[in-house]
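J.: Provided below are the primary sequence and the corresponding predicted coordinates.
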Amino acid sequence: MNGTTPAPETMKSATELVVERPGEFARENYLSIHRGVRAWLLTKDHKRIGLLYLGTILIFFLIASVAAALMRIELLTPQPKLVTSETYNKLFTIHGVLMVWFFLIPSIPTVLGNFVLPMMIGARDVAFPKLNLMSWYIFVAGGALALWSLIRGGVDTGWTFYTPYSTTYANTHVISMAAGVFVAGFSTIVTGINFIVTTHKMRAPGLTWFRLPLFVWSLYATSLIMVLATPVLAITLALISVERFWGVGIFDPKLGGDPVLFQHLFWFYSHPAVYIMILPGMGVISELITCFSRKRIYGYAWVGSASMAIAILGFMVWGHHMFVSSQSVYAGMIFSILSFLVAVPSGIKVFNWTATLHKGSIHFATPMLYALGFIGLFTIGGLTGLFLAALAVDVHVHDTYFVIAHFHYIMVGGMVMAFMGGLHYWWPKISGRLYPEFAGKLAAMITFIGFNLTFFPQFILGYLGQPRRYHIYPPEFQIFHVLSTAGASVLGIGYLMPLIYFIWSWRRGRAAGPNPWRATGLEWQTSSPPPEHNFEQTPIVTGPPYSYSAEKDVDLNLASI
Amino acid sequence: MSISISPASEEAFVGQQFDDIEQQRDAAKLGMWIFLATEVLFFGGLFLGYTIYRFTYGHIFVEASRKLDVLIGGTNTAVLLISSLLIAFAVRAAKLDQRRALVGLLAGTAVLGCVFMSLKGVEYHKDYVDHLVPRMGFKWEGADPGNAELFYWIYFAMTGLHAIHVTVGIGIMLVLTLLAWLGKFSHGNHNTVEIAGLYWHFVDIVWVFLFPLLYLVGHR
Amino acid sequence: MDQFRLFPPQASTSSHEVDALFFALTLISLFFMAIIFLPIIFFSVKYRRGSSADRSNPSSGSFWVESGWTIGPIFLSLGLFAWSALAYFRLERRPANAIEVQVVGKQWMWKLQHAEGKREINELHVPVNSTVAMTMTSQDVIHSFFVPAFRVKQDVVPGRYTGIWFKPTRTGEYHIFCAQYCGTQHSQMVGRVVVMEPQAYENWLKSGEPTESIVLAGERLFHDRGCSGCHSPNSQFHAPLLQGLYRKPVPLADGTMATANDEYLRDSILQPAKQITAGYANIMPSFTGHLSEEEIMQLIAYLKYIGNQPPPSQ
């Protein structure tokens, strides 16, 4: 029960493990008991709640992807062809709002975190299961409000809601959209509280803080950000809504108010928010790299501490979004140096993941392909962050496509790849079945290629000076947009494939057995799918995580088709 | 986990995810403290706005603040402080299994909360009559009506947000009063009361900061 | 302006410095990509499952290695920060003796006015190799004035003044973009900077209708709008005299000191009670709603002029 790799004698030859001798599908599991719609809608089981979230965020992802597709098609030509400027502005707004608050921020924490966290620490559930369910309902309510705003005509302020445009000049449904995000924010806060208390109070006997898997550390750091930053967003959205409704407010220059104050309040939340949108992904990568190179993580304490350092430093850099906002030069300098420093812990993680591969036994299974892709794309995204931290360069590239490329490399090339990697990794545990490995590998590679083709040209576009949020652009920029749109089509295929084969594998996939990846970690010491209360007996932990041995696992094959 | 009307043993109240009542109590307390931290940050945005504009328009803020009714504000402060005392005693009563005292103290807290809200209502009405509500007949004799309106906007936003929290608190106290009367908090099952008490104390502390910043700025 | 390029033209003194930083950052990025990607590829091949590489005694940490790749990047960061901060400081420091242009951004156009009075919409004519300094504000929402070829950008905020400066080094036409989303026609709030030879610029300035210079316009407003009614030696009202005031320290009624810069003067016109001069009563009326942004800037230009010389009409 302490997660060691089984001794070589108990393993048969490589192919038998996965292909010829599939594992057992646990007949009685968290899915089979309590059937029916009511059982799902009133569930307190963290695993079912994770699946409820998965279905919900998928809907928002699809809507936001359609918006992106329409934008990219429109941008094939410099002049308008498909939509009016007002519609285009609404498209990028809904794309940002849904992707940030209704897809990325929930993604790994509410789906994989909810499912896996209690199991990883040997618990029967989270600390507050009823609150967990409530968080999903709050999320759905927030999403419904946002969609209601969209149906009534949408919003054209951008996901950043800058004043005074959003409070005084926009003619669109700002308040309902802001309300949707406000409500969804409380879902985030509740999830964060749940995860923090669960991690503090419900670890299995012997599971000390420094024996926790790094995924737990990353979720913990993420949860700290969630609970401390999100309330500031909430009050900021409330302030602009009231100002818009009431007709006057604290951002109104006519009263002596300062529109730039909004930016400070907004980015004080939204910068830490972007760390909510990467830290869980980094945690997943630690799990994947160790399992698929059959090695202990290099520098466990450094990687875990780096998560905490990112969370803390992440609260101190918000002004780097405001270097040209009329913020003082001296404030700019402080934010610049702190922004450089916040890159260091991320770099430490990347170095440690690379070092973990050394003397490992590397299996190129689908989750590992996503993990390696993450490292490549996140590294590029993170390095371009240095360009943005550099004051003089940022003056030039601020609010251009350079920034768009930067954050998509991190959020899509990073977080979404990590989410896909984690989904593939834990799919056997969640569903009890294997996804088709060849299709998995193919989709991973298509995604990687499509992603680079979509976003790399945007770095060039940005330095050339093409601003963000431009419906119409100068004709000399067209070639880059054409390349980008072509890439987006390929990327779309890369995302569509898993959607199809995951659904297919739910019924038709090969049974996975309790531990198809021969992974350490408590979640793999129970059946697949797991029983309702996760473990027949509370496990006891006696050693550190990732007690793999690459030397011993030489005959293991995790990547067979 | 079911709510039993007749007093039962503690173990019946332990959720299946917990190992024992201690773990459940600890978790609930930690959860409430983290929630209160989020509330601090929620109000924090408004306090930040107030601080920045107070620094920029100090003169006007002082003048505008003078028009607020310190008597009502001061009485409300006393009301909340006493209510905090009552809830603290209520927690003690729950720990000592004194059902009748508990019911009375919880009800008393709720009543004082209602007194607070009533006084607030009277005060808001008075502000409206005095043309101090932004965009609703706001009139300011003197220079810079814009900045004065800014002060009042912040005043209504902060006290309004606080009042919403007081209302929620009153609701919680009324529910707890009922549950206490039904005997749910017997046998020293005081955790829920203690956690609700934390929330009430927080609401009180926010007011303790609001009152001097908004009301006493102009009164030396 | 319309030709295909992979890199923006270097058309100002700032372009070279910013580009040098950019290239350095690119090289550093390529370096880090190399030291990460190459080992990953190498390890992936050497240690692929089933290979016969030596996997004995793997390490799971080393204080010195970790410290090394922590301290190294920290120092690198400090170096990059210092360089970029210095470059930024130079970008922000408005030099003296510049050609002054006033800019008002509004949905969805740029209104510019040269000191001599000539107005432009969405276009800016400037002479090459001369420093140009612009004072900008917005009439409505936040916009941002961006000239990629010069590597300069500055948000334009309602209710305050922001500044931008550049020194063009190449003649030609360069894009002006609005770089802060400002509503429906944000992407059409574009224009061009036309950098001309000095003689051509002089000719252009003199062409067209004769114009009233900004300072003269300011002086006219000062009299027509009633300012001189109080702010003159023979007034019956006790108001500060504004000659010689610009950028000087002003003692305030609450005991603090202010400086009579553009922001102060603008606030004094629009919100006079915000900062009352020591020794004077709070009797100045507010001109909010009575003056356009351009007119306020013209008044300030006039006040700046009489900061160190007698008014032009004398």
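T.: Received the coordinates, thanks.
J.: What segments of the stretch 1-150 of chain C are strands?
T.: C:99-106, C:109-114, C:119-121, C:123-127, C:132-138, C:143-147 (DSSP state E, counting those that start in this stretch).
J.: so what pLDDT did residue B:134 get?
T.: The predicted structure scores residue B:134 at 91 on the pLDDT scale.
J.: Next one: the stretch of helix or strand residue C:263 belongs to, is it in contact with chain B?
T.: For residue C:263, the enclosing helix or strand under DSSP states H and E is helix C:262-270. No. Shown here: helix C:262-270 not in contact with chain B (C-beta under 8 Å from any C-beta of the partner chain), separated by at least 9.0 Å. Quick note: C-beta positions are derived from backbone N, CA and C, even for glycine.
J.: The nearest residue to residue A:53 once chain neighbours are set aside: what's it in contact with?
T.: In space, residue A:53 comes closest to residue A:110 once its chain neighbours are excluded; the distance is 4.0 Å by C-beta to C-beta, 6 or more residues apart in numbering or on different chains. Counting by C-beta atoms under 8 Å, 6 or more residues apart in numbering or on different chains, residue A:110 touches A:49, A:50, A:53, A:57, A:135, A:136, A:139, A:191.
J.: Please list the members of those residues that lie in helices.
T.: When the contacts of residue A:110 are checked against helices using DSSP state H, the ones located there are A:49, A:50, A:53, A:57, A:135, A:136, A:139, A:191.
J.: got a list of what the fourth one touches?
T.: When you say that, I think you mean residue A:57. With contacts defined as C-beta under 8 Å, 6+ apart, residue A:57 is in contact with A:102, A:103, A:106, A:107, A:110, A:111.
J.: Correct me if wrong: the third one contacts residue A:53.
T.: Meaning residue A:106. Yes. Because the distance of 6.0 Å satisfies C-beta atoms under 8 Å, residue A:106 is recorded as touching residue A:53.
J.: and the residue lying farthest from the centre of chain B, backbone torsions?
T.: In chain B, the residue that sits farthest from the middle, by C-alpha atoms, centre = their mean, is residue B:143; the gap is 35.0 Å. For residue B:143, the backbone dihedrals are phi -80, psi 160 (criterion: degrees, to the nearest 10).
J.: Apart from its neighbours in sequence, what residue is nearest it?
T.: For residue B:143, the closest residue by C-beta to C-beta, 6+ apart turns out to be residue C:273, at 3.3 Å.
J.: After the host helix or strand of residue A:429, which helix or strand is next?
T.: Counting by DSSP H and E, the element that carries residue A:429 is helix A:417-431. Sequence order places helix A:437-464 as the next helix or strand after helix A:417-431, per DSSP H and E.
J.: now that next one, how far from the centre of its chain.
T.: For helix A:437-464, the separation from the chain centroid amounts to 17 Å (computed by C-alpha atoms, centre = their mean, to the nearest Å).
J.: buried residues in it?
T.: Across helix A:437-464, burial judged by 16 or more other C-beta atoms under 10 Å in any protein chain shown covers A:437, A:439-444, A:446-448, A:450-464.
J.: wait, does it contact chain C?
T.: Yes. Interface with chain C: helix A:437-464 contributes A:460, A:463, A:464 (C-beta under 8 Å from any C-beta).
J.: Is residue C:250 located within a strand, as I assumed?
T.: Yes. The secondary structure assignment for residue C:250 places it in a strand, going by DSSP: H, G, I helix; E, B strand; the rest coil.
J.: Relative to chain A, how far out is it?
T.: Taking C-beta to the nearest C-beta, to the nearest Å as the criterion, residue C:250 is separated from chain A by 19 Å.
J.: contacting residues around that residue?
T.: For residue C:250, the contacting residues are C:257, C:258, C:259, C:260, C:264, C:275, C:277, taking C-beta under 8 Å, 6+ apart as the criterion.
J.: at 7 Å what do you get?
T.: With contacts defined as C-beta atoms under 7 Å, 6 or more residues apart in numbering or on different chains, residue C:250 is in contact with C:257, C:258, C:259, C:260, C:277.
J.: now the second one, nearest residue through space, not along the chain?
T.: Spatial nearest neighbour of residue C:258, excluding adjacent residues (C-beta to C-beta, 6+ apart): residue C:250 at 4.8 Å.
J.: now that neighbour: how far from chain B?
T.: Going from residue C:250 to chain B by C-beta to the nearest C-beta gives 15 Å.
J.: Kindly report the same for residue C:26.
T.: Applying C-beta to the nearest C-beta, the value for residue C:26 to chain B is 39 Å.
J.: Quick check, pLDDT for that residue.
T.: We have a pLDDT of 97 for residue C:26.
J.: Name the surrounding residues that touch the helix holding residue C:263.
T.: When contacts are taken as C-beta under 7 Å, 6+ apart, the neighbours of helix C:262-270 outside the stretch itself are C:135, C:160-161, C:258, C:274-275, C:286-288, C:291, C:296, C:299-300, C:303.
J.: From these, which one has the minimum pLDDT?
T.: residue C:274 (79).
J.: Run a quick neighbour tally on it.
T.: Other residues lying near residue C:274 total 22 when counted by other C-beta atoms under 10 Å in any protein chain shown.
J.: And the closest residue to it other than its chain neighbours, what's its pLDDT?
T.: The spatially closest residue to residue C:274, leaving aside those adjacent along the chain, is residue C:267, at 5.2 Å (C-beta to C-beta, 6+ apart). What the model reports as pLDDT for residue C:267 is 89.
J.: any idea how far the residue nearest to residue A:100 when sequence neighbours are not counted lies from residue B:184?
T.: Leaving out its chain neighbours, the residue that sits closest to residue A:100 by C-beta to C-beta, 6+ apart is residue A:159, at 5.8 Å. Using C-beta to C-beta, to the nearest Å, residue A:159 is found at 45 Å from residue B:184.
J.: Show me what from chain A comes close to chain B.
T.: For chain A, the residues in contact with chain B under the definition C-beta under 7 Å from any C-beta of the partner chain are A:123-129, A:189, A:193, A:196-197, A:200-201, A:227-228, A:231-232, A:234-236, A:242, A:246-250, A:254-257, A:261, A:265, A:533.
J.: Counting neighbours, which of these end up buried?
T.: Those of these that meet the buried threshold are A:123-129, A:189, A:193, A:196-197, A:200-201, A:227-228, A:231-232, A:234-236, A:242, A:246, A:248-250, A:254-257, A:261, A:265, A:533, by 16+ other C-beta under 10 Å.
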